[in-house]
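Q: Structure for this input, please:
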Amino acid sequence: MEQQIKYDIMEVCLLAGKILLESGAETYRVEDTMMRIAASYGISQSHSFVTPTGIIFSIETSEPTKTKLIRISDRTTDLKKVTMVNRISRKISGGDVSLDEAYELLKDVEKSNLSFSFFTQILAASISSGCFLIMFQGVWHDFLAAMLAGGIGFFALVYFHKLVPIKFFAEFLASIIIGLISYFFVDTGAGYELDKIIIGSVMPLVPGLLITNAVRDLMAGHLLSGLSKGAEAFLTAFAIGSGIAVVLTFL
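A: Predicted coordinates:
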């Protein structure tokens, strides 16, 4: 019976870590949350090793050390889920939630779809593209061009990622489309400054949170995770830059 309880504690810790990592949380936050949950349920000695693609978690007891590995294949940005898991973790630390209740709460968070609708995401990408254009000292005449290019580019990113589940190619093709649309607006006289329209339109594709997490992980001493996230951010930036370069080279 005691053995089963310890395995259940590991399952709760791993589920919390899995949700956090898949939702875009920093590596040190994932490790700290898992160890705090284990300590709250009486496991004084626990160890976690987290990378962007996997979690290894072990607990030390009087019996042989128990270790479990889970694979993380899909990562996105969902700060709402990160907040919800942190709230559950604080309730666990306060002794307000039993082990079974914690598992059910985390399962509910994992199954929930908290993201905005696809239309809302495209609308947000469009508006933010126009606002970034103004922020980079563009002219108001190009606001609509940046909105359309940014919205269509974000739609292309999601569409191509569903067709080919490789982020690099989806970002590369989306940036090509953004470059073509921006060039079309300037060529027809509907836009004035090609560079400002392109800069504003590609901003929704820029991996801002990924770069931030890479720096924070490096500063926290998680060198492997920091470097791997930094490499992923570099590939995204390279894909965006390459797509725009292709358009500017041939047009």
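Q: pretty sure M203 contacts I127?
A: No. Using CB atoms under 8 Å as the test, M203 is too far from I127 to be in contact (11.4 Å). Using the backbone N, CA and C atoms, a C-beta is placed for each residue, glycine as well.
Q: Neighbour count: those two, which is higher?
A: Between M203 and I127, counting by other CB atoms under 10 Å, M203 is the more crowded of the two (21 against 16).
Q: Find the nearest non-adjacent residue to the more buried one, please.
A: In this structure, M203 finds its nearest non-sequential neighbour in F132, 4.3 Å apart by CB to CB, 6 or more residues apart in numbering.
Q: give me every residue that touches that neighbour.
A: F132 sits next to A146, G150, I199, G200, M203 when contact means CB atoms under 8 Å, 6 or more residues apart in numbering.
Q: and of the residues you listed, the nearest to V85?
A: For V85, the closest of those turns out to be M203, at 28.4 Å, with distances computed as CB to CB.
Q: residues in contact with the closest one?
A: With contact set as CB under 8 Å, 6+ apart, M203 has these partners: S128, S129, F132, G150.
Q: Who wins on neighbours among those residues?
A: When the contacts of M203 are compared by neighbour count (other CB under 10 Å), G150 ends up highest, at 32 neighbours.
Q: Tell me which stretches of this protein form helices.
A: For the chain, the helices defined by DSSP state H occupy 2-22, 27-40, 79-93, 99-111, 118-135, 143-163, 167-187, 194-202, 208-219, 223-250.
Q: right, so these: which one is the most enclosed?
A: Mean neighbour counts were taken over the helices of the chain using mean count of other CB atoms under 10 Å, and the top value, a mean of 25, falls to helix 194-202.
Q: model confidence over that one, on average?
A: Per-region confidence: helix 194-202 scores 93 on mean pLDDT.
Q: now that helix, how far from the centre of its chain.
A: Here the centre of mass of C-alpha atoms in helix 194-202, compared against the chain's by CA atoms, centre = their mean, to the nearest Å, lies 23 Å away.
Q: Check the contacts of M203 and tell me the two furthest apart.
A: So, the contacts of M203 by CB to CB: farthest apart are F132 and G150, at 8.0 Å.
Q: which residues do these two both contact?
A: Each of G200, M203 lies in contact with both F132 and G150 under the rule CB under 8 Å, 6+ apart.
Q: Return the residues in contact with the residue nearest to G230 when sequence neighbours are not counted.
A: The spatially closest residue to G230, leaving aside those adjacent along the chain, is A214, at 4.1 Å (CB to CB, 6+ apart). The contact partners of A214, taken as CB under 8 Å, 6+ apart, are G226, L227, K229, G230, A233.
Q: cool, E101 as well?
A: Going by CB under 8 Å, 6+ apart, E101 touches no other residue.
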